[in-house]
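In: From the sequence below, what's the structure:
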Amino acid sequence: MSIVYPSNGTPYLTSGTTTFTSGQVVSGVTVTSNSQEILSAGATGIQQTIEEASGNTGGGEILVLSGAQLIQKNDTEYWQNKGKIIVHDGGFISGGATTYGGITTILSGGIAEDIHVGSGSIGTVIFSSGAILKGTTVARSEGTISGGTATSGAQINVLSGGVLSNADAGNGGTITVSSGGKSTNTVISSGGTLTFTGGGSGSYTSLLAGGTLNIGSGTTYDNQHTTSLTATSGAQINVLSGGVLTNADAAAFGNIVVSKGGRGQDIIISSGGGLGVAGIASDTTVNNGGVMEITSGGVSNNNNVNSGGKIYADSGSVLGLTSISSGGSAIVASGATISGLVTIQDGGTATIWNNTSGTIDLSGDTNNGLTISGLESGGTVSTVISGWSGSKPGNSDSIDLPGVSADGASYAYPSDDQVVVTLANGNTITLNIPGVKNTGFVLSDDDHGGASAEVCFLSGSMIRTSEGDVAVEDIQIGDEVIAFDWRNDEDVVRQVVWVGKARATVRPDLPDDEAGWPVRILKDAIADGVPYKDMLITAEHCLFFRDRFVPVRMLVNGVSIFYDKSITSYDYYHVETEQHSVITADGMLTESYLDTGNRSSFRQEGKIATLRGAVKNWADDAGAPLGVERSFVEPLFRALEWRENSVVGTKISTTKIETTTDPDLHLITQTGAVIRPMRKTAHHYSFMLPPNTESVRIVSRSSRPSDVIGPFVDDRRYMGVAVADVQLQCAKQQFDITSHLQDEKPSGWHDTDWTDCAWTNGNAELPLGDHLTHGKMGILSMTIRAAGPYLLNTKPNSDMKKHSA
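Out: Numbers count the residues shown, from 1 in each chain. Next up is the predicted model:
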């Protein structure tokens, strides 16, 4: 066989086989029917045309062996393959258009760059497993690409009429299926991207961990709730402007993002999954552990939030029809809007602002799930609150109003469906509650979000006076009580200068010591005859031991000293003497009232009004030192435990305290994506972060030392994990993240004297800067110095005010 050079035509190969060896270059030759060109190691073919089969003869064929190369393009033109091209392991082809029944096969280890297939005529490109793609591979009308893995910047474009099957978008690779194009059995691996745009379609697509699926303009993609298309383990589905995604799922650290102009319908977010909405979403279900964030400009309608699910509606977003089940929650930021009805089932929670609009329906008669912020200085709540019901304070629906004081409040009803609350400072709060005039509305307030942090006696407490023991509710200004001068070990007489009364309603959703439950000290619990009857006081009330005052909450053992949960609403009293004193109630040494700034919460009792001086403090004005050190309190606690068998009527504790040392540590990005650790060894955790992550929240279990160690520890902070060094790795660089170690810490961090470590409260913000912009992913690594133990049934802490029907 040889090359024929006609006088006025294109050179061509005659039938048979011609082999070109190292250093040889063959250019501009037509490989005719039934002829074969072999490019062996070191040989180069340039701009060859391969003819199709003719009659009984097969089409032309080029074999590109290891070390050889075939260049099938110039700046403007791609040379046609109507026959066969086979690129072997180590061979290389660049350019070329496979048409008119031609077949190009890239075997394992073969390299293909910028090849096209089809253009109004049938052509096929086959990539064997292990074939290497570079540049951009394009399937045009009637062209078919089979197999292939696009990685490291390689692209596969499927245009109108083109077909792609059994391909893989790998790390750094991109597959785009445009209008009229089709893909089938496509796998999106970690770091790979598959994009449908302009109506391009696909079937039997698999989205693996770390892969990205884009639904572009003009494309409606139905995931059919298929397991293989569920976004998990760092995988993400992006609905771009003009795209529509239906019947999709995200779970276990996968995310779905609906961009501005995009639409998502019937999306299910399960444990660890996240949905970000800047476009429009409808018929969304958020299950336990799932998070949906509606960002500015986003709209989400017809949502169902199940137990453990959360919705965040950012400023500028719209939250439409929503049902929040028991255990579910929605947080609607200032500047966000409710459009339509949000139903809070009993046990569900929602936090809104006074300018949110829409309607909130409180399901049930004891629903306390609604918090309204933004009323510290008064204002009108634009949201209509329906379903308002209940029989009495403590057994009714309730609303929390942070920063609002009940002291001196008065009420007016301009209509049957509106209440105006006038605060002591003259500011007014207007709420629109259908039927409120009939059900009533009363505000209760103890300056701490419940009725827990007050020093006072309950009705029936017997105070020792110069005239004998007198019930606290009968004490009057001017009465003389017997005080104990512990420094001189003698009784003295002190005059009562002020008596105050207030009403408390328990908030059972808070920890016991903050909820407002009264503490019952059984008869003889302290010593024989001390107290001489059951004693009821509030949790912060101090008892006197060994020349010090100890808050009774630090002595609660659940047996002889316990929170009496049969009492949910009660009156309580302050008795103030000329100076803070050790007095006797029910035979037990305790304290009189010390005004540390909460006097305004109480109504003065008696006919004589007295004016009092400046606010006092424990350091300068207390009648005895406050003893809250563990070394002092724990021996008292243990001694009272040992007396339990000597006390009649002790309570049998039915509460089993279960703890764990597992912090359940994970991250939540600023878009609401939940990220679980990709690796953890001993005290070191690593997380894979998606591009454009500007900050994360470090989320973990949290418990209070006073709960997991014992009430004799005076530390009621919620402690999550102690975070030491944090590094962010991206683009082959490492950055130290130290904002949590600065004097001014982000939210969620406890102040500390340490310089190399800080505790979270279980939900702490960690800014990352702009290191992950421009599509860069990163790995966030952190050292956890300490964690746990944690209660498995910890109640949330809160600093809210309460309204009751």
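
In: Just checking: what are the partner strands of the strand of greatest length in the chain?
Out: Determined from DSSP state E, the single longest strand within the chain is strand 490-505. Under the criterion DSSP bridges, strand 490-505 sits next to strand 480-485 (antiparallel), strand 569-577 (antiparallel), strand 603-604 (antiparallel) in its sheet.

In: Of these, flag the one that's most buried.
Out: Mean neighbour count, computed with mean count of other C-beta atoms under 10 Å, is highest for strand 569-577 among the strands paired with strand 490-505, reaching a mean of 22. Every residue, glycine included, has its C-beta placed from N, CA and C.

In: and that one, C-alpha only, in CSV?
Out: This file holds the C-alpha atoms of strand 569-577, laid out as CSV (Å, rounded to 0.1, in the frame of the first residue of the first chain):
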residue,chain,number,x,y,z
SER,A,569,-49.4,29.3,88.9
TYR,A,570,-49.0,31.1,92.3
ASP,A,571,-48.6,34.3,94.2
TYR,A,572,-45.3,35.1,95.8
TYR,A,573,-44.0,37.7,98.2
HIS,A,574,-41.0,39.8,99.1
VAL,A,575,-40.4,40.9,102.7
GLU,A,576,-37.7,43.6,103.0
THR,A,577,-36.2,44.6,106.4
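
In: Show the subsequent helix or strand relative to the longest strand of the chain.
Out: Going down the chain from strand 490-505, the next helix or strand is helix 512-515, by DSSP states H and E.

In: which parts of the helix or strand that that next one is followed by are buried?
Out: Using DSSP H and E, the next helix or strand after helix 512-515 towards the C-terminus is strand 519-521. Residues of strand 519-521 classed as buried by neighbour count (16 or more other C-beta atoms under 10 Å): Val519, Arg520, Ile521.

In: can you tell me which of these lies nearest to Thr661?
Out: Nearest to Thr661 among these, counting by C-beta to C-beta, is Val519 at 30.4 Å.

In: for that closest one, what are its contacts?
Out: Leu536, Ile537, Thr538, Ala539, His541, Val552, Arg553, Val556, Ile561, Phe562, Tyr563, Asp564 (C-beta atoms under 8 Å, 6 or more residues apart in numbering).

In: on that earlier part again, give the rounded mean pLDDT of the longest strand of the chain.
Out: Regarding strand 490-505, the rounded mean pLDDT is 85.

In: Could you pull out the buried residues of that strand?
Out: Arg494, Val496, Val497, Trp498, Val499, Gly500, Lys501, Ala502, Arg503, Ala504, Thr505.

In: want to throw the contacts of Val519 into JSON lines with pLDDT, neighbour count and distance to Gly254?
Out: Output for the contacts of Val519, formatted as JSON lines (pLDDT from 0 to 100; neighbours: other C-beta atoms under 10 Å; distance: C-beta to C-beta, whole Å):
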{"residue": "Leu536", "pLDDT": "91", "neighbour count": "21", "distance to Gly254": "53"}
{"residue": "Ile537", "pLDDT": "89", "neighbour count": "25", "distance to Gly254": "52"}
{"residue": "Thr538", "pLDDT": "87", "neighbour count": "24", "distance to Gly254": "48"}
{"residue": "Ala539", "pLDDT": "90", "neighbour count": "24", "distance to Gly254": "44"}
{"residue": "His541", "pLDDT": "90", "neighbour count": "26", "distance to Gly254": "51"}
{"residue": "Val552", "pLDDT": "96", "neighbour count": "22", "distance to Gly254": "49"}
{"residue": "Arg553", "pLDDT": "96", "neighbour count": "24", "distance to Gly254": "44"}
{"residue": "Val556", "pLDDT": "95", "neighbour count": "25", "distance to Gly254": "45"}
{"residue": "Ile561", "pLDDT": "94", "neighbour count": "26", "distance to Gly254": "49"}
{"residue": "Phe562", "pLDDT": "93", "neighbour count": "19", "distance to Gly254": "46"}
{"residue": "Tyr563", "pLDDT": "92", "neighbour count": "20", "distance to Gly254": "43"}
{"residue": "Asp564", "pLDDT": "89", "neighbour count": "16", "distance to Gly254": "48"}
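
In: Show me these that map onto helices.
Out: If you go by DSSP state H, the contacts of Val519 have nothing in helices.

In: returning to that earlier point: what's the most distant pair in the buried residues of strand 490-505?
Out: Maximum distance among the buried residues of strand 490-505 (C-beta to C-beta): 31.8 Å, for Arg494 and Thr505.

In: wait, isn't Glu591 in contact with Ile583?
Out: Yes. At 6.9 Å, Glu591 counts as touching Ile583 under the criterion of C-beta atoms under 8 Å.
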